[in-house]
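>>> using only what follows, build the 3D model:
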Amino acid sequence: MAGGKETPRQKMIGMMYLVLTALLAMNAPKELINSFVVVNEGLVKSNAGFESKNSLTLKSFEKSAAEDEAYQKGFQTAKSIKAKSSALYKHIEELKRYLMIRTSKSSFEVPEGLSTENQSELTKFLMETPGSDTTYLLKKVLVKDNYDVPTFEMIGSDMANPRPETDYYSALNLKKKIQEFKDVALKDFDKGKNAALFNTMEKAFSFEDVVDHGKTMPWEVGTFYHLPLAAVITNLSRMQLDVLNIEADALNELMKDIAGQRFQVDELQARVLPNTNYVMMGDSFKADIFVSASSSAIVPEVYLTKDKGMIEQINKNVEGVDESKLEKIASSANGGIVTYGLKSSSEGDFEWGGIVKVKKPDGSGYDKYPIAPQKYTVAKGNLTISPTAMNVFYRGLPNPVKIAAPGVASNKLSLKCSNAISVTPKNKSMGEWIVKPGKGKKCECTLIGEVNGKSKKFGPAGFRVKNVPKPEAKFAGIKASGSTSLSKVKAAAGVIADMGDFDFAGAKFKVVSFTVSTIYKGQPVEKKVKGNRVTSDAKKLIGSLKKGSKLYIEDVKAKGPSGMVTLGGIKIKIL
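Model (predicted):
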């Protein structure tokens, strides 16, 4: 079997197949033929489980592509691999069914006149007849020990001149289709970066010559010549499992490579972008308030200019601009952010622009980003409202806000907000207030200050209201997916809702239910858990895991400040 991700069950099945094949070569008793039926049934069950998991992986990929354009190209590659994998898997399945009806026609209801001369009708009968999935089972074949028919159909009467690949059910046609699958599956991968995938493919389908009793034979002859039907069908089922295993590895490598080509966001900050920095008396101050994402791995180079001609050139063709003609800002990056400061010395309107250069994640060069023309006005007097936590109000939490207005003492200022459950001072003399927003999507805040003994209104200013970000489910120290020892998994007390870097007072979620599942003896097994701690039933399921097994934590629900939420699942491989 392919790769290094075989479960103990898969390893056992593979070993049984090798032992049974060896016994056949030693003219072992005919009763051993029936042992292949047991091995084949185990492979068929494993294949069904693998198909289900691969479909879930592709759906996850599709969701990522819909939400993030960086995944869209990779998703197209994933669909190509899936299509080729499915086509090969179905061809092998059709080949198995064809060999069974040719070897033991009396075991099945086969219409008269059906032959390879009308291939489309034959394929339709084998693959689309209602109930065919439960009809063509090896255990139903009366003549499982027939050597001649499988050999004739796949190799022919002369092993030195096997049937050509133009024969639909020949071993050489199967070899051709496997090679086409290999070409598509490996096309977009690098042998150096994705060595494990290439090794998995070579272990499964190397097409190396086979040496039997000192005689060297090509792969197709050594694999299918003079073997009983039971052994051939089991071997083909094993190949189907290899195809699914390679498909799974390829999809996972694609997602991993895409993640490696992008900067990992590790900084979130609230930002306020005002529509204008100059407000006439009676006008409203408006601003876009949002949370910006940045990476501490990014060390940008910033080049600025106040020359209008240069600013226009930058925004027409940033790649053609000579940055030596611009002013380089000597400032160290803080979390991928360069701070630019300019002291105003006179009133009026000003404009500036520039370029931001960022080294590509793979180190192959730089990406250049134009800074759109930035305008600002220097004037006397202005309103300032600056939340001290995240600059956006989170529903269900006490949001600290710092208020100030030029020329007005903080203890003479009051804060009023629409769509607020409460607005209370925390330290009025320092201008510190607490806002608890309501159910609406926005809050408008206004300052009321005492100026020369009279009440004066400043604002309003708009804020968006959001639910607290969903946490991530965490079990045995693992979020989303990963691998760990069985002892750590057994020692895990339960599932927690991890808020990660979202450090906000009162932002806590508690897991109220989840489902634990795995593949046991080829079948999905799950245990539903209420609360956040592992129950005795779940512990028994975990106790059945072996090295190489995969444990899934799914349907995780947690309750927090914004109510009940469903968290992403966890996939854990046991080391």
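
>>> how far is the biggest helix by length in the chain from where the chain is centred?
Longest helix of the chain, by residue count under DSSP state H: helix 33-67. Taking Cα atoms, centre = their mean, to the nearest Å, one finds helix 33-67 lying 18 Å from the centre of the chain it belongs to.

>>> for the helix or strand that it is followed by, buried residues please.
Once the chain leaves helix 33-67, the next helix or strand it forms, by DSSP states H and E, is helix 72-103. For helix 72-103, a neighbour-count test (16 or more other Cβ atoms under 10 Å) marks 74-75, 77-78, 81-82, 84-85, 88-89, 91-103 as buried. In this view, the C-beta of every residue, glycine as well, is placed from N, C-alpha and C.

>>> repeat that for stretch 391-406.
391-395, 397-405.

>>> one more: stretch 177-186?
Applying 16+ other Cβ under 10 Å to stretch 177-186 flags 177-178, 181-182, 184-186 as buried.

>>> please save the CA atoms from stretch 567-575 in CSV.
Extracted in CSV, the C-alpha atoms of stretch 567-575 (Å, rounded to 0.1, in the frame of the first residue of the first chain):
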residue,chain,number,x,y,z
LEU,A,567,-16.5,25.8,15.8
GLY,A,568,-14.3,24.1,13.2
GLY,A,569,-13.3,20.5,13.7
ILE,A,570,-10.0,18.9,14.5
LYS,A,571,-8.2,16.1,12.8
ILE,A,572,-5.5,14.3,14.8
LYS,A,573,-3.1,11.6,13.5
ILE,A,574,-1.8,9.2,16.1
LEU,A,575,2.0,8.9,16.1
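
>>> wait, doesn't K550 sit right on V516?
No - K550 is beyond contact range of V516, at 11.8 Å (criterion: Cβ atoms under 8 Å).

>>> who has more neighbours, these two?
V516 (24 against 17; other Cβ atoms under 10 Å).

>>> quick check: mean pLDDT of stretch 473-485?
Average pLDDT, stretch 473-485: 90.

>>> give the buried residues for it.
473-476, 478-479, 484.

>>> what about the helices in the chain?
According to DSSP H, the helices that the chain contains are 8-25, 33-67, 72-103, 119-128, 132-135, 148-154, 171-186, 195-204, 219-224, 229-260, 308-316, 486-491, 536-543.

>>> tell me the most buried of those helices?
helix 229-260 (a mean of 22; mean count of other Cβ atoms under 10 Å).

>>> other SSEs contacting it?
helix 8-25, helix 33-67, helix 72-103, helix 148-154, helix 171-186, helix 195-204, helix 219-224 (3 or more Cβ pairs under 8 Å, 6 or more residues apart in numbering; DSSP states H and E).

>>> and that helix, how far out from the chain's middle?
With Cα atoms, centre = their mean, you get 18 Å for helix 229-260.

>>> now do it against helix 195-204, angle only.
170 degrees (axes from the mean of the first three to the mean of the last three Cα atoms, to 10 degrees).

>>> quick one: helix 229-260 to helix 72-103, angle?
Using the same axes, to 10 degrees: helix 229-260 against helix 72-103 is 180 degrees.

>>> now do helix 229-260 against helix 171-186, angle only.
Using the same axes, to 10 degrees, the direction of helix 229-260 lies 20 degrees away from that of helix 171-186.

>>> low-scoring stretches of this structure, by residue?
Across the chain, the ranges flagged by pLDDT under 70 are 1-32, 259-269, 271-286, 290-298, 330-337, 341-349, 360-364, 376-390, 407, 452.
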